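Engineer: sequence? don't have it. structure:
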């Protein structure tokens, strides 16, 4: 009868993976999970000689290096050859104060040494990012990485955009997630877009901060080259945050993203109206879209007012209602929730408008579970979020209609501000 000490290493690894206390298996996890994994790994390593390697894997599977706290950990990874093969996830944080100390290390060896990486999260200065990413070509194993999150917003760099795009073009295994945050000024070097996409990534995020008004062309060029890396039909979620999102670049990409389920866009007040028009036109093509959010990037920007005579108001209602059957008699829409930074003239009009949309969608069509719009109070200069949630009444429906509940809520960023104000409470509204 086989004993634990005779189990093959592959079987041991399967057992240990099953015991891993982290369900997400990525680096952005709670410290308590990391501690639990380390403790479990040490215990596993003591079971039998053939469990030592698997236990060590568990201890060092997820490495979080905050350079301001534990720079010696990164030094150990670079110096101890026995440790690097066990690391599968690396989270590295290097701020401006620690950049020079970090650059004195041989950072170009990080991706070369870590041959079993599943993914990385880098929140580092542009100089550190460039040194690490410049070694991608010398690290064939990075082609198997499934996710990369890169935040270089500590300071701008004219060369880091090209470095980022060049590195991504070699990471062909990035199927799970790619997230990039950076700052741009006029004159940053941006390569031309690829002729054909190469990354079949499911979740994509891009945040671009323009530090000067003349950076619009640079931001547009980066957006075009960034999106050109990804196969649109493979994407299920996209988040875009930028002061400049030209629809001439964004539109064709979203139109080809036929399997998109979540779309979130944060834009400038100047771009918001044209983006809303474009999204309205897109709704009938995105059959799998479940969640749509189109918001203003600036907290204190005045939302777009959709007056009764505004053609966008009618077009939006028509798009939401027609999306249940699609153009040409398609299947029901999957759209469940909508969040837009728009104002209606009166709350009663919002309720009536949504009720009308619901009726047009039909009893058998897809249903909007939640809608959020923003009301603007010029006297208090505060934004208010108003949630309108439709919930079917239990048991028999009254007159075949649903009950609407109008309630007030606030985002986590505005809780303190709104608590200091005395807004009237929204009453329940039944149709």
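Structural biologist: Yes, it's here. The structure displayed is predicted, hence computed values, not measured ones.

Engineer: the residue nearest to residue 208 when sequence neighbours are not counted and residue 127, how far apart?
Structural biologist: Residue nearest to residue 208 in three dimensions, not counting chain neighbours: residue 242, with 4.3 Å by Cβ to Cβ, 6 or more residues apart in numbering. Glycine gets a C-beta too; all of them are placed from N, C-alpha and C. As for residue 242, its distance to residue 127 is 23 Å (criterion: Cβ to Cβ, to the nearest Å).

Engineer: and these two? Which one has more around it.
Structural biologist: Neighbour comparison, residue 242 and residue 127: the larger count goes to residue 242, with 24 against 21 (by other Cβ atoms under 10 Å).

Engineer: where's residue 108 relative to residue 273, distance?
Structural biologist: Distance from residue 108 to residue 273, by Cβ to Cβ: 46 Å.

Engineer: ok so, going back, gap between the residue nearest to residue 208 and residue 254?
Structural biologist: From residue 242 to residue 254 the distance is 14 Å (Cβ to Cβ).

Engineer: now do residue 93
Structural biologist: Counting by Cβ to Cβ - residue 93 and residue 254 are separated by 33 Å.

Engineer: what do you get for residue 244?
Structural biologist: Taking Cβ to Cβ, one finds residue 244 at 16 Å from residue 254.

Engineer: more neighbours, the two?
Structural biologist: Set residue 244 next to residue 254 and count neighbours by other Cβ under 10 Å: residue 254 wins out with 23 against 20.

Engineer: contacts only, for the residue lying closest to the more buried one once chain neighbours are set aside.
Structural biologist: In this structure, residue 254 finds its nearest non-sequential neighbour in residue 282, 5.7 Å apart by Cβ to Cβ, 6+ apart. Residues near residue 282 by Cβ atoms under 8 Å, 6 or more residues apart in numbering: 251, 254-255.

Engineer: state the phi and psi torsions of residue 282.
Structural biologist: Dihedral pair for residue 282: phi -80, psi -30, per degrees, to the nearest 10.

Engineer: now the strands for the stretch 201-350 of the chain?
Structural biologist: All strands of the stretch 201-350 of the chain, identified by DSSP state E, counting those that start in this stretch, fall at 203-210, 237-242, 262-267, 291-296, 304-305, 337-340, 342-343.

Engineer: in a markdown table: the ones you listed, plus mean pLDDT.
Structural biologist: Below are the strands of the stretch 201-350 of the chain laid out as a markdown table (pLDDT from 0 to 100):
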| stretch | mean pLDDT |
| --- | --- |
| strand 203-210 | 95 |
| strand 237-242 | 95 |
| strand 262-267 | 94 |
| strand 291-296 | 90 |
| strand 304-305 | 85 |
| strand 337-340 | 86 |
| strand 342-343 | 82 |
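
Engineer: indicate which one of those is closest to residue 185.
Structural biologist: Among the strands of the stretch 201-350 of the chain, strand 203-210 comes nearest to residue 185, with 7.8 Å by Cβ to Cβ.

Engineer: tell me what angle that closest one forms with strand 262-267.
Structural biologist: Here the directions of strand 203-210 and strand 262-267 differ by 0 degrees (axes from the mean of the first three to the mean of the last three Cα atoms, to 10 degrees).

Engineer: for strand 203-210, packing partners?
Structural biologist: Strand 203-210 is packed against strand 177-184, helix 216-227, strand 237-242, with contacts defined by 3 or more Cβ pairs under 8 Å, 6 or more residues apart in numbering; DSSP states H and E.

Engineer: and the strands in the stretch 1-150 of the chain?
Structural biologist: So, for the stretch 1-150 of the chain - with DSSP E, counting those that start in this stretch - the strands run 62-66, 89-93, 119-123, 147-151.
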